[in-house]
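> show me how the following folds:
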Amino acid sequence: MVNSNSTETSENRTGIYADIQNLQDISREVLVVLIRRWPDNVPPPGKLNLYVRADHADLWRVWASHEFSDIEVVVKGVQHYTLSATKNAADMAIAVDAISDFNHDRVNHVAVVSDDSDFISLYAKLAEEVNGLDLTYSNGNIPFLWVFTDRMGTRSALLQEFFPGEYIHVVDHRLFHQVERDRRRAEAEAEARLVARSRYAQDRVEKGTAEAEDTIAVAEVSVEPPAPAQVQAESPPLEPEPDDSRRAPEPEPEVVEDRPLISEAQREASETERIAIQLIREMPVGKFKSMDCQDIIRTNFPNHHLANAGGAVFGTIFRREVLPFMEKRGVKDLPGQSPRQYEMTLQAKSSLTRA
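Numbers count the residues shown, from 1 in each chain. Okay, the predicted model is just below:
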């Protein structure tokens, strides 16, 4: 039964149901590309449901809430007994939650993100619900979208042959870095516009204050009483003006060259710390190698010497210059592994929030 007193509404709202265990190591990239480049013919996403391993639920909740702060995020841990049992448990949880959200008016469109072929029954049930409730959707379509990845050999041949193509959306996870660059560029442009508007408003205020002070000064002059009449006296003879050509030239003021407030070494240290903060902000929680950081440095700090450093050289400079700043915020060095690895922790992510 639909809860008529619910404060949630499904108007123009799609619920996303993502099987993270099916997407495996490309799950974050797939979700970012999907939501940042959402298809125009589907209502915008309003609720994101993630089905993950139970022992990873907190990690996913932290990441998703930060990455998609404008969307309601629900993370559900699926107990990991055996691979097949866990797979079936995730599929059943997605189907049950999707139908429940749809019937209780929390969403009016369902998008399943999985390369699994077990959701045809969910599509059929939604079609039955639409016909039973006699609801009308745009173009008479069923409110369902099946999101696949571009991985080879993951989709059933029968599914591709029989399932209607208009309900399928394929995500190319390789567009992740381009999407992230576009997002950072848009954020930088928005910040620049905000600064420009702030400066314009400040200039208007200062100009208005100056004009007001000029008006007050003119008013004070206009009401100044006339000076008392002075008794004319015989003017003394005018003295000849001094000859400037005989006056000794005045010494020119000493030009003091501007000196930098900080040394070159201090400036490089400051930029290196900004690199460390940017890496903590963008690198996902978990293990990583030094070379995993180079694309982020090239994008955000193209003139830094690390941007074009080679493999072994990059690792050495990274460990000597950048890692100490990251370790202060909670990033861990994991010695004894080849190639050398590090770990991005929740403590490091949280340090940015505290700052």
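> where does the prediction get shaky in the protein?
Scanning the chain for pLDDT under 70 picks out the ranges 1-11, 80-87, 132-140, 153-158, 160, 183, 208-269, 354-355.
> at 80 instead, please
Under the criterion pLDDT under 80, the flagged ranges of the chain are 1-12, 79-88, 117, 131-141, 151-162, 173, 176-269, 310-312, 336-339, 353-355.
> quick one: the helices in this structure?
Ranges of helices within the chain are 20-23, 27-36, 57-67, 83-103, 120-133, 157-162, 176-222, 264-282, 294-300, 311-317, 323-328, 346-354, based on DSSP state H.
> and residue 77, which of those helices is closest to it?
When the helices of the chain are compared for distance to residue 77 using Cβ to Cβ, the nearest one is helix 57-67, at 3.8 Å. All C-beta atoms are positioned from the backbone trio N, CA, C, and that covers glycine.
> any chance you could list what contacts the closest one?
Helix 57-67 is contacted from outside by 20, 28, 31-32, 48, 50, 52, 73, 75-77, 284-285, 346, 349, using Cβ atoms under 8 Å, 6 or more residues apart in numbering.
> rerun that using 6 Å as the cut-off
In this structure, residues lying in contact with helix 57-67 by Cβ atoms under 6 Å, 6 or more residues apart in numbering are 50, 52, 73, 75, 77, 285.
> can you list the domains in this structure?
According to the domain assignment given by automatic domain parsing, the chain is divided into the following structural domains: 14-171, 176-210, 264-354.
> dump the ones you listed to JSON lines, plus mean neighbour count.
What follows is these, written out as JSON lines (neighbours: other Cβ atoms under 10 Å):
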{"stretch": "domain 14-171", "mean neighbour count": "17"}
{"stretch": "domain 176-210", "mean neighbour count": "11"}
{"stretch": "domain 264-354", "mean neighbour count": "15"}
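> so which of the contacts of helix 57-67 is the closest to residue 127?
Scanning the contacts of helix 57-67 for proximity to residue 127, where the rule is Cβ to Cβ, the winner is residue 50, at 25.5 Å.
> and that closest one, what does it touch?
Counting by Cβ under 6 Å, 6+ apart, residue 50 makes contact with 18, 20, 60, 75.
> and stretch 104-120, how far apart are its ends?
Start to finish, the residues bounding stretch 104-120 are 21 Å apart (Cα to Cα, to the nearest Å).
> now stretch 314-329 - C-alpha only, CSV.
This file holds the C-alpha atoms of stretch 314-329, laid out as CSV (Å, rounded to 0.1, in the frame of the first residue of the first chain):
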residue,chain,number,x,y,z
PHE,A,314,58.9,9.7,-10.5
GLY,A,315,58.6,7.1,-7.8
THR,A,316,61.8,8.3,-6.1
ILE,A,317,60.8,12.0,-6.2
PHE,A,318,57.3,11.1,-5.1
ARG,A,319,58.6,9.2,-2.1
ARG,A,320,61.1,11.9,-1.1
GLU,A,321,59.0,15.0,-1.6
VAL,A,322,55.2,14.3,-1.7
LEU,A,323,54.8,11.3,0.5
PRO,A,324,55.9,13.1,3.8
PHE,A,325,53.1,15.6,3.4
MET,A,326,50.6,12.8,2.7
GLU,A,327,51.8,10.7,5.7
LYS,A,328,51.2,13.7,8.0
ARG,A,329,47.5,13.4,7.0
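> touching that stretch from outside, list them.
Outside stretch 314-329, the residues that reach it (Cβ under 6 Å, 6+ apart) are 272, 273, 275, 276, 290, 306, 309, 348, 351.
> please repeat the previous calculation with a cut-off of 10 Å.
Contacting residues not belonging to stretch 314-329 are listed as 268-269, 272-277, 279-280, 283, 289-291, 293-294, 297, 304-309, 331-333, 339-340, 342, 344-345, 347-352, 354-355 [Cβ atoms under 10 Å, 6 or more residues apart in numbering].
> wait, residue 348 sits on residue 286?
No: distance between residue 348 and residue 286: 11.5 Å, which falls outside the contact criterion (Cβ atoms under 10 Å).
> distance to residue 168 added to the helices of the chain, as TSV?
What follows is these, written out as TSV (distance: least, Cβ to Cβ, whole Å):
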stretch	distance to residue 168
helix 20-23	16
helix 27-36	13
helix 57-67	24
helix 83-103	17
helix 120-133	11
helix 157-162	9
helix 176-222	21
helix 264-282	31
helix 294-300	31
helix 311-317	40
helix 323-328	42
helix 346-354	35
